[in-house]
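Q: Here is the input, now give the coordinates:
(2 chains)
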Number of protein chains: 2
Amino acid sequence: MKKDRNEDTNIVNNQISEKAKLYGIGVGPGDPKLITLRAVEILQAIQVVAIPKSKMERESVAWEIAKSHCPSGVSILELEMPMTADESILQAAWHTAAEKIKEELCQGHSVAFLTLGDPSLYSTYSYLLAILRDQLEPDQIETIPGITAMAAAAAQVNWPLATGDEPLVVLPGIEGLEEYEQYPNLVLMKVSRNLPDVLNHIQRTGSQAVLATRVGQAGEDVRLLGPEEVLEKVDYLSLVLCKKPQS
Amino acid sequence: MKKDRNEDTNIVNNQISEKAKLYGIGVGPGDPKLITLRAVEILQAIQVVAIPKSKMERESVAWEIAKSHCPSGVSILELEMPMTADESILQAAWHTAAEKIKEELCQGHSVAFLTLGDPSLYSTYSYLLAILRDQLEPDQIETIPGITAMAAAAAQVNWPLATGDEPLVVLPGIEGLEEYEQYPNLVLMKVSRNLPDVLNHIQRTGSQAVLATRVGQAGEDVRLLGPEEVLEKVDYLSLVLCKKPQS
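A: Numbers count the residues shown, from 1 in each chain, chains lettered A, B, ... in the order given. This next block holds a predicted model:
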């Protein structure tokens, strides 16, 4: 390994420094204590923290959890993520974000991309990885799994997510829950998108259900949903655990 | 709260001490660094660690992770868990285990029940909870979620478990995977039980698949499975991530 290397000499023919790595870090669902020792260890030595920036404040919750572990001089790399379903706009944003991360790596700076929950589950990180996987060496990427909101919600109410031979089905705010009526354990994520469908499902199947909003965060609300529950609106960081009655 | 209480005075009319708590702790998938700060904090002050004992060594992996955090004088409570599918034998074992935990709580000792992975997902802890939930005060039980083996496996290969509007389906070693052919993301747990079915599924659906054995533990093996893979046997701590090709 070269000694006395300074920042400039890390960039050789626009190649990415062999030392710089991209870390995709799951910081857990919100409770600052539900982060792993590995995540803390990386954050303590990180040079750049990448935070996707959108209208929502999910990202600042992730930063709140991470920042107490980061060195005081850490750089923040904000990545614009437009709130849109337009695939071409999203693709462009992901490519721009991937370029910005690569620029940091080229300068020899390791980058920690923060994800609330787990980076492998419905996360922007997955789209960045799809772009960067082909451009970086395999040992330049390390993904650190995180505690999911669904695991934290189940723990909070002391429910199992699934036991024995039962399947567990996780659905991200989609319509058409009729298709999933036969399954004993559903986790319905992002229920602010399809709330009437979710309430109908609970009533139709006679399921026991828990609504978990902002688990472990400020404004946490975790409670049972009755079969006749009337709810017009829920916070966008809400999920529902659904259990069919055992026959 | 009473002062100068000693062990004996904690037992009042066979009631459980208000101070003693049952902690269901997920210690993560095997890598000692994939435990949470909250789990470490509890283990550092725990009096009794409960470990289900069976022929398998899953439990000793959990203890290996936990023990470096526990006080040197910690008591170990071994709970016999017979390896059987006989529901009545299992029920009897769970009730005996629950009684033993309650005895410790009655003596004013807090108990940490260890689970490899997450305590809410296919864990013995769920069966104990089902018994103890009605016998303890709600604030005497705290479940601490853990990193699952599936999240760790996905992180290891930098795969998403699910993105966008896709469902995620988790199946615990069951037969009849034909029913699940339409789903883009399957996590097949306990594949040592239904390996021919799993390999058939991969071939039939043309899925990309990763076999993850003992993620983060000694003997770890994480690798792609080809469509014509021939495997006669896998370790019992193995799971398969399956992704259908996008159409």
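Q: For chain A, just list every one of the strands.
A: For chain A, applying DSSP state E gives strands covering A:22-26, A:48-53, A:75-80, A:111-115, A:141-144, A:168-172, A:185-189, A:208-213, A:221-225, A:238-243.
Q: mind checking how far the fourth one is from the chain centre?
A: Relative to the mean C-alpha coordinate of its chain, strand A:111-115 is positioned 10 Å out (C-alpha atoms, centre = their mean, to the nearest Å).
Q: and the helix ranked longest in chain A with strand A:75-80, angle?
A: Counting residues, the longest helix in chain A under DSSP state H turns out to be helix A:87-106. Interaxial angle, helix A:87-106 versus strand A:75-80 (axes from the mean of the first three to the mean of the last three C-alpha atoms, to 10 degrees): 160 degrees.
Q: so does helix A:87-106 get close to chain B?
A: No. Legend: contact between helix A:87-106 and chain B by C-beta under 8 Å from any C-beta of the partner chain is lacking; minimum distance shown is 9.7 Å. Any C-beta I mention is one placed from the backbone N, CA and C, and that applies to glycine too.
Q: helices or strands next to that helix in the packing?
A: strand A:48-53, strand A:75-80, strand A:111-115, helix A:124-132 (3 or more C-beta pairs under 8 Å, 6 or more residues apart in numbering or on different chains; DSSP states H and E).
Q: Would you convert the ones you listed into CSV that also reports mean pLDDT?
A: Output for the helices and strands packed on helix A:87-106, formatted as CSV (pLDDT from 0 to 100):
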stretch, mean pLDDT
strand A:48-53, 92
strand A:75-80, 94
strand A:111-115, 97
helix A:124-132, 95
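Q: and chain B, which of those is closest to it?
A: With C-beta to the nearest C-beta as the measure, helix A:124-132 is the member of the helices and strands packed on helix A:87-106 nearest chain B (3.7 Å).
Q: for the closest one, the distance to its chain's centre please.
A: Per C-alpha atoms, centre = their mean, the centroid offset for helix A:124-132 relative to its chain is 12 Å.
Q: same question, stretch A:34-51
A: Centroid displacement of stretch A:34-51 relative to its chain, using C-alpha atoms, centre = their mean, is 15 Å.
Q: repeat for stretch A:184-203
A: Remark: stretch A:184-203 is offset 20 Å from the chain centroid, using C-alpha atoms, centre = their mean.
Q: Let me see the mean pLDDT of it.
A: The predicted model gives stretch A:184-203 an average pLDDT of 95.
Q: And that stretch, what's buried?
A: Buried residues in stretch A:184-203, defined by neighbour count with 16 or more other C-beta atoms under 10 Å in any protein chain shown: A:184-191, A:193-195, A:197-199, A:201-202.
Q: Looking at A:Glu18 now. What's its pLDDT?
A: pLDDT for A:Glu18: 63.
Q: Counting by contacts, list what the lowest-mean-pLDDT helix or strand in chain A packs against.
A: In chain A, the helix or strand scored least confidently by mean pLDDT, DSSP states H and E is helix A:58-67, which has a mean of 86. Helix A:58-67 sits against strand A:48-53, strand A:111-115, with contacts defined as 3+ C-beta pairs under 8 Å, 6+ apart.
Q: Direction included, what does the longest one pair up with?
A: Meaning strand A:48-53. In the sheet, strand A:48-53 lines up against strand A:75-80 (parallel), strand A:111-115 (parallel) (DSSP bridges).
Q: Run through who's touching that strand.
A: Contacts with strand A:48-53, where a contact means C-beta atoms under 8 Å, 6 or more residues apart in numbering or on different chains, come from A:43, A:59-60, A:62-63, A:66, A:70, A:74-81, A:97, A:100-101, A:104, A:109-114, A:124.
Q: Could I get the CA-only coordinates of it as CSV?
A: The C-alpha trace of strand A:48-53 is given here as CSV (Å, rounded to 0.1, in the frame of the first residue of the first chain):
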residue,chain,number,x,y,z
VAL,A,48,-19.1,11.3,4.0
VAL,A,49,-22.7,10.6,4.9
ALA,A,50,-25.1,10.4,2.0
ILE,A,51,-28.7,11.3,2.7
PRO,A,52,-31.5,11.1,0.2
LYS,A,53,-33.4,14.4,0.3
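Q: quick one: that strand to strand A:22-26, angle?
A: 60 degrees.
Q: now the angle from strand A:48-53 to helix A:124-132?
A: On the basis of the same axes, to 10 degrees, strand A:48-53 is oriented at 120 degrees to helix A:124-132.
Q: starting at the chain centroid, how far to strand A:48-53?
A: Counting by C-alpha atoms, centre = their mean, strand A:48-53 is centred 13 Å from the centre of its parent chain.
Q: what angle do it and helix A:58-67 make?
A: Using the same axes, to 10 degrees: strand A:48-53 against helix A:58-67 is 160 degrees.
Q: Which of the residues in strand A:48-53 are classified as buried?
A: Buried, per 16+ other C-beta under 10 Å, within strand A:48-53: A:Val48, A:Val49, A:Ala50, A:Ile51, A:Pro52, A:Lys53.
Q: is the fourth one in a bridge, and if so with what?
A: Beta bridges link A:Ile51 to A:Glu78, judged by DSSP bridges.
Q: So what's the residue count around A:Pro71?
A: Look at A:Pro71: counted by other C-beta atoms under 10 Å in any protein chain shown, it has 12 neighbours.
Q: Isn't it up against A:Ile42?
A: No. If you go by C-beta atoms under 8 Å, A:Pro71 and A:Ile42 don't touch, sitting 11.6 Å apart.
Q: So chain A: which segments form each domain?
A: Per automatic domain parsing, the structural domains of chain A span A:19-147, A:150-243.
Q: got the end-to-end distance for the shortest one?
A: Distances were taken as C-alpha to C-alpha, to the nearest Å; on that basis the terminal residues of domain A:150-243 are 13 Å apart.
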